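Student: dropping a prediction and its sequence here:
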Amino acid sequence: MPTTFSWLTVIVFVPLAGAVVLFVAGLLSRRARDSVWRWGALTVSAAAFVISLAMLTAFETGRPGFQLVERASWVGLLNFRYTVGVDGISLFLVLLTTFLMPLAILASWKVERQVPAYMASMLVLETAMLGAFVALDLLLFFVFFEGLLFPMYLIIGAWGGERRVYAAVKFFLFTMAGSALLFVAILFLYFQAAAQLGFGTFDLVQLAQLDWSGEFEVTARWLFLAFFLAFAVKVPLFPLHTWLPDAHVEAPTAGSVILAGILLKVGAYGLIRFNLALFPEASLYFRTFVMVLAVIGIVYGAAVALIQVDVKRLVAYSSVSHLGFVVLGTFAGTVQGMSGGVLQMVNHGLSTGALFLLVGMLYERTHTRDLRRLGGLGRQTPVLAGFFLVVALSSLALPGLNGFVGEFLILAGTFVTNAGFAAVAAVGVILSAIYLLWAYQRMMHGSLPEEQAQHPDLSIREYVILVPVVVAIVWIGLFPKPFLDRIEPDAERHARIVEMEPAGVRAAGGE
Amino acid sequence: MIEFIWLAPALPLAGAVVLLLGGRPLQRIAGWLASFLVGVAFVVSLLALIDLLGFGARERTVALRLFDWISVGRFHAPMELRVDPLSMVMALTVTGVSFLIHVYSVGYMEADARFSRYFAYLNLFVFSMLTLVLANNFVVLYLGWELVGLCSYLLIAFWFERKAAADGGKKAFIVNRIGDFGFALGIFLIFAHFGSVEFSQVLDPFAEGARGATPALPVGTATAIALLLFAGAVGKSAQVPLHIWLPDAMEGPTPVSALIHAATMVTAGVYMVVRTHVLFEASEIALLVVAIVGVITAIYAATSALGQDDLKRVLAYSTISQLGFMFLAAGVGAYAVAIFHLVTHAFFKAAMFLSAGSVMHATHGEINLLRLGGLARRMRVTAAVFIVGGLALAGVPLFAGFFSKDQILTATYEAGRTGLWVVALVASFFTALYMARAALLTFFGPQRFEGEPHESPPVMTVPMVLLAVGAVLGGLLGLSATTGLVHGFLSPVVGEAGHEPVATGLPEFALVLVATAVALAGLGLGWLVYGSGLIDWAAVRVRLGVLQRALARGWYVDDVYGSVVVLPGKVTLAFLAYVFDQRVIDGAVNGLGSAFGRLAGTGRRVQTGLVRSYALVFLLGAVALLLFVVWRS
């Protein structure tokens, strides 16, 4: 593949361009407008996935640093550039996004209200998320990062459940609060660059060269915290997680899938891409602090999940726990922890995305998510139950499925430097078995309550949604090598930033 | 044939996948297909063994790399199999017993609506168990380890419409996870210390006659690693204090109890300790802990078995107790003896379980000893198999269990652990006693069961008889701890049999006599109470009511867990979820938010949900800020 082809720009803007085209097409065919938008959105998002697969062939395995970089001057006066590129950290997040979007759109097939607006929101959201993962210019990143908010806010607030407005506003305010600080910090960096380099810039690579020693050491720590707060809300890290259960419970199925599957990763990704890369010294300084929050989140999220009766809330709290693993691994300072953390972002997107898809399918049948009122579905809908079990096992990190590869690497990589943190975090692995198997038993085992009618097993559309996810879950579980090989070089580069001397060096270093 | 050993796990895996995806159309052939594949896996293992015997005794370790699995930095966990005497003994035991139990299941599960799913799970189990025993690094071992746990869960909860079955499956998985927590930490510590998780780097350098330098292993590290690994073994092999899941696992179909919860899976912990014995050897404390946990479990479960009225629960506690004996053997350094007892136990306990299944088959599920009786007249084969298995279990001379258990007792005594030896003797007295009670109440005396029980069909009785033959002749595999076939074969892996005896007060002959006398005394007392008619056992039972209830509930261990761990845990969680999370954290964050909102004078609008205006304010603010800084610079 010639590197001159603008892979990333095409992938990022295909959904947005598709939305524009569909808008015109919808105007032309008013009678079939909803179908045009449904099938059109599906086609567009599937096309983005196919292109991103092709992009994978242009990505060179084993080379650290950014690839497929594109640069264009945008606002010349401010030296604000359009710069995009991928490395091992972001590569599979791009693929995860393009992989989940068609499935989320398929899962929205039964949305009847305001279909064009809904599908347009989804496509705009996809562009914003993809842009956030590939932007190498801080202002560009910020545009995409903020661009996420409105479509997501709309999807929760307009197509959500009963308390959707409350949940949507809460979601909006939480993230907005973080964004405000992030914006100030980005501007500060611009002027710091102007002072140090002689020219103001938002370019990530150039900003990473800034010298924060001496009098600026404290400044860097404040900036670290500003970035950290913005991303920690998104992850979400304990104790900033309380918006998440509300948002999930009220969001429509596809909204939950995207929120848990992709959007949360923007936070964890931001911590690696910006906090670690821009403020190495501050990252090392706050390393223990961040890891403590992560470990608390792992155990706390799992513990609170144990007692939920709304299965969506249960999965939401499990996300708090699982994302804690991601952050723990990324700050462990070992290549195993970092690689595991990056892979675990993908794994969590697949397994939690699939859990929300399945919960949506259950809800369409039983019209309840209350675990106390469910039961016996294993007999009535054995295939649905089977899929649910596989996904739950993936989520509780059963070896042979994807979740294990990520969590095991994270814990092994953390143990080498901080055995105590790893030991406490591993309690989360026990707890995840308890809450998931408990929920599974409540839904699938026993006999069906009498008021529940006969429910059909999976439809063909539902098979089309679930089979790809399960294939990916098994594939990463058994053959993670193609993933890990592409993640590792950049994981090592970033892990070194928070590397502890000298305890972990012997076991964790490269060959 | 060694290079084809991967077929042994691969064939049952293929069977599981085909049967799960194929569903109903395969219903009719599912049983025989699954049995056939496991039979082939047995043959493959046998051929590999024959190949292996062609090598010199010191060269009998072959590694077979299938593909790269997880590999990051120095962390390498390839999908790699290990063919050596220990893994072959395990593979043959697993596939051999599995094959017979598959065939038996064709008859036993005949009428079940989920017939093909049953065999899919059973095949998946054989795959997982073979992965476990053939693994050549700790991560693949852990893979098999957790997958057998999954199969156990699926098969205990096979009849998930029943709450007890669903609960039992879940409990098994969760309790095992608690043990696996330790196991996983042990693996991490191994990686942190050795920089590797591969047996070739961690275990082999310690073997006798290994080339190259032996890695440093401080006693403290060795103790920590060994005890963490042992935590996993305690969970998987149902040792005190994590034994509570195994009695409840009896809710699964009886062939499953025979295969997974008696003959194979639960012995994985013993296998793991033997496999990693070089790490235990480096720490005297660790070995002593293994021996003590083993002997406590042996006596605890043997007494508990005496109080059970459910025949399967008798056998479950018996299994826990026998596993304790195996750990005792490992704890005193008699690794080959531990594996030998594992093998003989697989035969006689599987035979007894299948016999119990045959009883249930005949009585439409009645399994309560108090409501059985007199079945020997109607079911001669079943009764004979059970009694043969029971005599082997009790340790009556010339039956397989006699040799293996006697070697455990002797090894304990000769290791200088006289105290443990005495406790183990008491446990073996109770073993003979509960065994006599179970056999006599089930098969002899008056029939307390309404109906016409009938002998099971040949598809069930033939595997039972074959296992019973193993329970009789299995002793030939290891007539003595020094010259036995199994012991000699295993010695390159586990070291030469017979550490120099520490205690030599009693000659070996006397030790055998004592052990035999104890076993016969237990049987005799059992006969006196439950078989002779001279004693009204029902009256004794009422008179000893308090003790009887304590034994029946396994000394109330489960009840204590319920009130000390589970209940307070639930209260704490409820507080966390409903008060702390929603009032304290959410309240604090919301409060902070609205305080800032009011500060900015937009509080009221925020609360009315006008996000747009908030966003507008934000945008204007941002632009103003930008202009400000641009102007300033």
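Tutor: Yep, that arrived.

Student: secondary structure class for the most centrally placed residue in chain B?
Tutor: Chain B has B:V266 as the residue nearest its centroid, 1.6 Å off, counting by C-alpha atoms, centre = their mean. Following DSSP: H, G, I helix; E, B strand; the rest coil, we place B:V266 in the helix state.

Student: so it sits right up against B:S237, yeah?
Tutor: Yes. At 5.2 Å, B:V266 counts as touching B:S237 under the criterion of C-beta atoms under 8 Å. Quick note: C-beta positions are derived from backbone N, CA and C, even for glycine.

Student: so what sits against both of those two?
Tutor: Jointly contacting B:V266 and B:S237 under the rule C-beta atoms under 8 Å, 6 or more residues apart in numbering or on different chains are B:L323.

Student: pLDDT below threshold where in chain B?
Tutor: B:496-501, B:503-504, B:592-633 (pLDDT under 70).

Student: give the buried residues for the longest helix belonging to it.
Tutor: For chain B, the helix reaching the highest residue count under DSSP state H is reported as helix B:163-194. Neighbour counts using 16 or more other C-beta atoms under 10 Å in any protein chain shown place B:165-194 of helix B:163-194 among the buried residues.

Student: ok, and which of those reach chain A?
Tutor: Among those, the residues that sit close to chain A (C-beta under 8 Å from any C-beta of the partner chain) are B:166-167, B:170, B:173-174, B:177-178, B:181, B:184-185, B:187-189, B:191-193.

Student: would you check that A:S339 makes contact with B:V72?
Tutor: Yes. With contact defined as C-beta under 8 Å, A:S339 reaches B:V72; the gap is 4.6 Å.

Student: which residues sit in contact with the residue in the stretch 401-550 of chain B that chain A sits nearest to?
Tutor: The minimum distance from the stretch 401-550 of chain B to chain A, using C-beta to the nearest C-beta, falls at B:V493 (24.7 Å). Going by C-beta under 8 Å, 6+ apart, B:V493 touches B:61, B:84-86, B:207.

Student: what's the closest of those to chain A?
Tutor: Nearest member of those to chain A, counting by C-beta to the nearest C-beta, is B:L86, at 21.8 Å.

Student: excluding chain neighbours, what is closest to the closest one?
Tutor: Leaving aside its chain neighbours, B:L86 sits nearest to B:V493 (4.5 Å; criterion: C-beta to C-beta, 6 or more residues apart in numbering or on different chains).

Student: do the strand or helix carrying B:A226 and chain A meet?
Tutor: Assessed by DSSP states H and E, B:A226 sits inside helix B:219-236. No. Using C-beta under 8 Å from any C-beta, helix B:219-236 never reaches chain A; the gap is at least 9.8 Å.

Student: what are the buried residues along the lengthiest strand in chain A?
Tutor: When chain A is scanned for its longest strand (criterion: DSSP state E), the result is strand A:67-75. By 16+ other C-beta under 10 Å, the buried positions in strand A:67-75 come out as A:67-70.

Student: and that strand, average pLDDT?
Tutor: Here strand A:67-75 scores 82 as its mean pLDDT.

Student: ok, then the element right after it?
Tutor: Going down the chain from strand A:67-75, the next helix or strand is strand A:80-86, by DSSP H and E.

Student: and the contacts of that next one?
Tutor: A:8-9, A:12, A:59, A:66-74, A:94, A:131, A:133-137, A:139-140, A:202-204.

Student: tell me the residues of the stretch 251-400 of chain B that contact chain A?
Tutor: So the stretch 251-400 of chain B never meets chain A (C-beta under 8 Å from any C-beta).

Student: please enumerate the helices of the stretch 251-400 of chain B.
Tutor: Taking DSSP state H, counting those that start in this stretch to define them, one finds helices in the stretch 251-400 of chain B at B:254-258, B:268-275, B:277-281, B:284-306, B:311-331, B:335-363, B:380-394, B:400-414.

Student: alpha carbons of the second one, as CSV, please.
Tutor: If I follow you right, that is helix B:268-275. Provided in CSV are the C-alpha atoms of helix B:268-275 (Å, rounded to 0.1, in the frame of the first residue of the first chain):
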residue,chain,number,x,y,z
ALA,B,268,-5.5,-31.9,39.8
GLY,B,269,-4.3,-30.2,43.0
VAL,B,270,-2.3,-33.3,43.9
TYR,B,271,-0.8,-33.4,40.4
MET,B,272,0.2,-29.8,40.6
VAL,B,273,2.0,-30.2,43.9
VAL,B,274,3.8,-33.2,42.5
ARG,B,275,4.6,-31.4,39.3
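
Student: how far out from the middle of the chain is that helix?
Tutor: Distance, stretch centre to chain centre, for helix B:268-275: 10 Å (C-alpha atoms, centre = their mean, to the nearest Å).

Student: and the angle for that helix with helix B:335-363?
Tutor: Calculated by axes from the mean of the first three to the mean of the last three C-alpha atoms, to 10 degrees, helix B:268-275 forms an angle of 170 degrees with helix B:335-363.

Student: summarise which helices and strands helix B:268-275 is packed against.
Tutor: Helix B:268-275 is packed against helix B:85-108, helix B:115-134, helix B:138-156, helix B:219-236, helix B:311-331, helix B:335-363, with contacts defined by 3 or more C-beta pairs under 8 Å, 6 or more residues apart in numbering or on different chains; DSSP states H and E.
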